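1. Have a look at this prediction, sequence included:
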Amino acid sequence: MRVALLGSGRGSNAEAVLRAQAEGRLGRAQVVGLWCDVPTCKMLELGPKYGVPARFLDTGPFKTKFAPEREQAWADDLQAAGVDLVVLAGFMRVIKAPLLEAFAGRIINLHPSLLPAFPGLDGIGQAWNAGVPASGCTVHWVNAEIDGGAHLGQSRVARAADDTLESFAQKVHAAEHALLPSVIARLSETLPR
């Protein structure tokens, strides 16, 4: 199963997947490239480190969505790379028809909350501010509804009395780094080709 990792930031989730691949924990999945929407994205530095192609692709002038013709260009680029599964790993753009149609039933997202609670931006901050006793992370299928697709896996993280927002966020990120590779490995055995 040929996997594309899409990201916008430092790439810690992408690195967790690449590390799992290097350690033989990604099942029959193989990461074939990193696609980033920010030219200075730290995730791009992971390409040379793990021997995987990494590229910046323009998304157009909008901050949280694609310009329609640019989303089609992304879909074309991913299809040209023979991608079977698109993984949004810290990718901060709303996905619409060009990508959803090109990869129907083949796009997953990692979200930092126990969905359906706290969808959208800053799931960790939302959970923290709500004072919930636990939150966590969810891997789900991507559809037209933001963070609304069927769940593929969740990991619960308890909020300790002495946690700060920073320490709680670190625990959620650690849970993400374990959950995402395990879901990809499972899909590599079960997703129809």
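-> That came in fine, so what should we check first?
2. C-alpha from now on. contacts and neighbour counts both.
-> Fine.
3. Residue 108 is in contact with residue 146, isn't it?
-> No. The pair residue 108 / residue 146 is not scored as a contact, 11.9 Å apart, by CA atoms under 8 Å.
4. Of these two, which one has the most company?
-> residue 108 (25 against 12; other CA atoms under 10 Å).
5. For the closest residue to residue 57 other than its chain neighbours, grab the count of nearby residues.
-> Excluding the flanking residues, the one nearest residue 57 by CA to CA, 6 or more residues apart in numbering is residue 37, at 5.6 Å. Residue 37 has 22 neighbours, counted by other CA under 10 Å.
6. can you give me the strands in this protein?
-> Assigned by DSSP state E, the chain shows strands spanning 2-7, 30-36, 54-56, 85-88, 107-111, 134-141, 151-158.
7. Return the distance of the nearest residue to residue 26 once chain neighbours are set aside relative to residue 38.
-> Of all residues beyond its chain neighbours, the one nearest residue 26 is residue 185 (4.5 Å), with distances taken as CA to CA, 6+ apart. Counting by CA to CA, to the nearest Å, the gap from residue 185 to residue 38 is 27 Å.
8. who's more crowded, these two?
-> Ranked by neighbour count (other CA under 10 Å), residue 185 and residue 38 place residue 185 first, with 21 against 18.
9. give the contact list for that one.
-> Counting by CA atoms under 8 Å, 6 or more residues apart in numbering, residue 185 touches 25-29.
10. go again using 10 Å as the cut-off
-> 1, 17, 20-21, 24-30 (CA atoms under 10 Å, 6 or more residues apart in numbering).
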